[in-house]
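> What follows is a predicted protein model with its sequence.
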Amino acid sequence: MGARRRLKEGPYQGDGSESGGRRGKRGRKGGAPPALELPELTTHRWHARTGELAETGMSTMARRLPSVIVQAAGLAWRASRADTTVTISLNLLAGVFTAFGLLATTGVLTALFSGGPTPERVRDALPALAVVAGAVALRAGLQAGAGWAQARLEPQVERLVELRLYEATTAVHLTALDDSDFLDELKRAQGRGMMSAPRVVQHAIDVLTGAVGMVAAAGTLGVLHPLLLPLLLLTALPEGWASVRSARMRYLTELTLVGVARRKWILSDLMIERRHAAEVRSFTMRSFLLGEYDRFAAYQRGVELDLARRQTIVRVTGDMLKGVAIAAVYAALGLMLWRGAVPLAVAGTAVLAIRAGQTSLVNLVFAVNQCYEEGLYFGDYLAFCAAAESRVPRRALPAASGLEERRPLPDDFARVQVQDVTFTYPGAETPSLRGISLELRKGEVVALVGENGSGKTTLARIMAGLYDPDGGEVLWDGVPLTGVPPEDVWDRVAVIAQEYTHWPMTARQNITMGRGRPEAKAGTGAGEEPAVLAAARAAGADEVVAGLAHGYDTLLDRRFQGGAELSGGQWQRLAVARGFYRDAPLLICDEPTAALDARAEHHLFERIRTHADGRTVLLITHRLASVRYADRIFVLEHGRVTEQGDHGTLMAQDGLYAELYGLQAAAYADDPVA
Ligand SMILES: Nc1ncnc2c1ncn2[C@@H]1O[C@H](COP(=O)(O)OP(=O)(O)OP(=O)(O)O)[C@@H](O)[C@H]1O
């Protein structure tokens with residue numbers, strides 16, 4: 001409530017953050033907007049660049065700019081050599097014609113300002129006028145061609161950077177996605193970083209275009225009279241300063257509002273998404289959510305109004321300085337004319353050249369600023385891609401050397417051995433697995449049981465080749481999983497995961513995911529691929545599909561027209577069918593029945609008990625009645641195997657298993673208390 005009142009009273013009163021206080025004393029260097037009062041947003045790493053930008057002066061920018069331009073050029077070159085070449089060469093040629101046209105203007109003016117009757121003077125000026133017209137037309141054509149090539153470059157650059165990022169994120173070690181720093185860098189790279197790539201290319205080309213225009217105008221002025229060159233700089237500087245400062249203010253404001261925008265986005269998601277709608281109503285969340293949204297929106301509005309005010313001051317100051325500079329330039333030109341230092345025709349051309357050069361210089365300064373800013377974000381993107389690529393397991397790379405000398409992973413196995421496996425999640429203080437050893441023989445059903453957090457899912461993920469153990473090995477007939485490409489392991493393991501994806505695709509694709517055959521037939525059952533039908537029947541998903549409007553072709557996502565929604569248990573039946581469909585020798589079932597009704601659960605465990613068509617099954621479940629038929633049971637406690645054996649042995653041991661089993665059995669007894 002306190003924070004809310006503060007915001008309502010005036011967004012910038014009382015800055016709670018240290019950086020905001022310091023910046024306030026220094027008078028918000030670089031046009032940075034006031035810092036946020038909301039501690040959860042001020043500390044966010046999204047602001048990492050704010051300070052850097054605020055502190056960066058023009059000289060630092062000029063020093064670092066070449067490397068940004070080289071990166072942009074490299075990116076454009078990789079995206080399309082032809083379009084990059086065309087863009088650069090046409091821009092250079094356009095500059096040549098600009099200078100040519102300006103110089104030809106002197107001829108026109110000389111003819112017009114000479115003595116004699118007017119029709120004669122006009123006639124004399126015609127050849128030079130034709131040259132000017134030709135140069136202007138050619139320059140316009142060249143600029144249009146350059147613009148077209150530049151527009152073609154943009155989507156190609158976007159495609160390149162998107163692909164590079166997603167190639168890395170889908171290949172990195174799964175542990176990277178448990179690392180909060182990595183996730184943070186990923187968000188920055190995927191959002192602002194990726195967006196900056198086409199912009200950095202575009203601004204680098206703008207820098208080139210501005211520089212070429214400048215050189216053309218400056219060259220012309222230099223030819224006309226060397227003193228005219230500084231006059232050009234004098235007129236362009238105030239406007240250049242104003243546009244850079246104003247852009248930087250806007251930029252810093254946007255950056256400071258990123259946290260607010262994210263919060264607003266999360267809140268709007270809560271208020272419009274169907275999946276939250278029921279809880280928003282039943283927990284009477286409406287006024288809370290609207291109030292929170294309004295709080296952030298009010299803050300944003302305040303910051304933006306403040307920006308508009310500060311930008312106007314800068315723009316007016318720039319315009320005033322520009323007026324003074326232009327007056328000084330015309331006074332200087334007048335003086336030179338009066339003294340006879342330049343003829344009238346040359347002074348006329350100089351005015352035109354100064355105007356052209358002024359526009360180019362303003363564009364150039366602006367483009368340099370933009371290029372530098374975008375370059376910072378592009379740097380984030382590049383750094384993330386490099387970091388992500390270094391976290392792709394080396395053995396996953398196509399050219400991984402040394403692997404070919406090792407033994408390949410067998411298609412099937414006689415036994416899988418887990419030897420003294422230890423594992424700690426990144427950033428975790430305690431290990432999740434401590435020296436686990438167990439063995440699975442072909443065709444067995446082996447169960448892992450234990451209380452919440454004992455390490456069952458973690459072990460299953462290591463056996464599925466998703467995590468590499470910190471110590472110890474998982475071996476398939478003596479071949480360590482860490483020595484073969486991970487795809488080879490994933491290909492031979494089917495996982496029915498505890499948390500599975502509701503793939504926003506058809507029912508068929510939800511079953512065949514990753515193994516789907518392109519020729520998979522459409523239809524509602526009769527023409528369906530037998531393996532799909534068998535997997536669906538085994539999981540009870542056939543009943544789910546029978547109730548869908550378009551059978552296996554039904555899209556399972558309500559966000560699309562005609563899309564259907566399933567219940568939790570129906571989704572789980574599809575997830576189980578997906579596991580059964582995948583013809584892999586090892587089937588890992590991690591809590592496969594949590595959402596199933598009693599009949600479906602019984603049916604599924606019956607299937608697993610009969611060894612799921614001869615496969616080896618690793619079963620994780622808290623339903624101990626279903627575990628009693630397993631060939632062997634391993635009990636995990638705090639990441640260690642503390643008991644092992646079949647049901648009878650473990651009951652006789654009277655340890656944790658017997659206790660948990662007894663508790664569940666008692667719940668079904670006629671008189672639980674007895
Ligand atoms: N991504 C993760 N990052 C950090 N720690 C994790 C992560 N996933 C699990 N853990 C921790 O590892 C330990 C083992 O978790 P795991 O999911 O393997 O347990 P489990 O036996 O499968 O539990 P449950 O019966 O609740 O499914 C827990 O202490 C958990 O907090």
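Looks like it came in fine.

> Can you show me the strands along this protein?
415-423, 433-441, 445-450, 471-476, 479-480, 493-496, 586-590, 616-620, 632-637, 640-645 (DSSP state E).

> could those be laid out in CSV, adding distance to residue 270 and mean pLDDT?
All C-beta atoms are positioned from the backbone trio N, CA, C, and that covers glycine. Formatted as CSV, the strands of the chain follow (distance: least, CB to CB, whole Å; pLDDT from 0 to 100):
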stretch, distance to residue 270, mean pLDDT
strand 415-423, 35, 95
strand 433-441, 37, 94
strand 445-450, 36, 94
strand 471-476, 42, 93
strand 479-480, 46, 91
strand 493-496, 31, 92
strand 586-590, 30, 93
strand 616-620, 33, 93
strand 632-637, 37, 95
strand 640-645, 41, 95
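
> so which of the ones you listed gets nearest residue 194?
strand 493-496 (30.6 Å; CB to CB).

> Which pLDDT value belongs to the residue of the stretch 201-350 of the chain found nearest the ligand?
Minimum separation of the stretch 201-350 of the chain from the ligand (CB to the nearest ligand atom) falls at residue 266, amounting to 21.8 Å. At residue 266 the predicted local confidence, pLDDT, stands at 83.

> Stretch 413-422: which residues count as buried?
By 16 or more other CB atoms under 10 Å, the buried positions in stretch 413-422 come out as 413, 416-419, 421-422.

> same deal with stretch 84-99?
Buried-residue list, stretch 84-99, by 16+ other CB under 10 Å: 84, 86-88, 90-99.

> what's next to it, contact-wise?
By CB atoms under 8 Å, 6 or more residues apart in numbering, the surrounding residues in contact with stretch 84-99 are 73, 76-77, 135-136, 138-139, 142-143, 145-146, 149-150, 153, 205, 208-209, 212-213, 215-217, 219-220, 356.

> Can you pull the residues of the stretch 401-550 of the chain lying near the ligand?
Neighbours of the ligand within the stretch 401-550 of the chain, by CB under 6 Å from any ligand atom: 425, 428, 432, 450, 452-458, 498.

> one more time with 8 Å, if that's ok
Within the stretch 401-550 of the chain, the positions near the ligand by CB under 8 Å from any ligand atom are 425-428, 430, 432-433, 448, 450-461, 498.

> from those, which would you call buried?
Using 16+ other CB under 10 Å, the buried ones in those are 432-433, 448, 450, 454-461.

> of all those residues, which two lie farthest apart?
Comparing every pair within these by CB to CB identifies 450 and 461 as the most remote, at 15.1 Å.

> Same question for stretch 119-127: list its buried residues.
Buried positions in stretch 119-127, judged by neighbour count with 16+ other CB under 10 Å: 124-125.

> how close does the residue nearest to the spatial centre of the chain get to residue 156?
Centroid check for the chain by CA atoms, centre = their mean gives residue 190 as the closest residue, at 1.6 Å. In this view, residue 190 and residue 156 are 19 Å apart by CB to CB, to the nearest Å.

> now do residue 584
Distance from residue 584 to residue 156, by CB to CB: 39 Å.

> who's more crowded, these two?
residue 584 (21 against 17; other CB atoms under 10 Å).

> these two touch, right, that one and residue 496?
No - counting by CB atoms under 8 Å, residue 584 stays clear of residue 496, with 11.3 Å between them.

> Contact residues of this structure facing the ligand?
178, 425-428, 430, 432-433, 448, 450-461, 498, 590-591, 620, 622, 636, 639.
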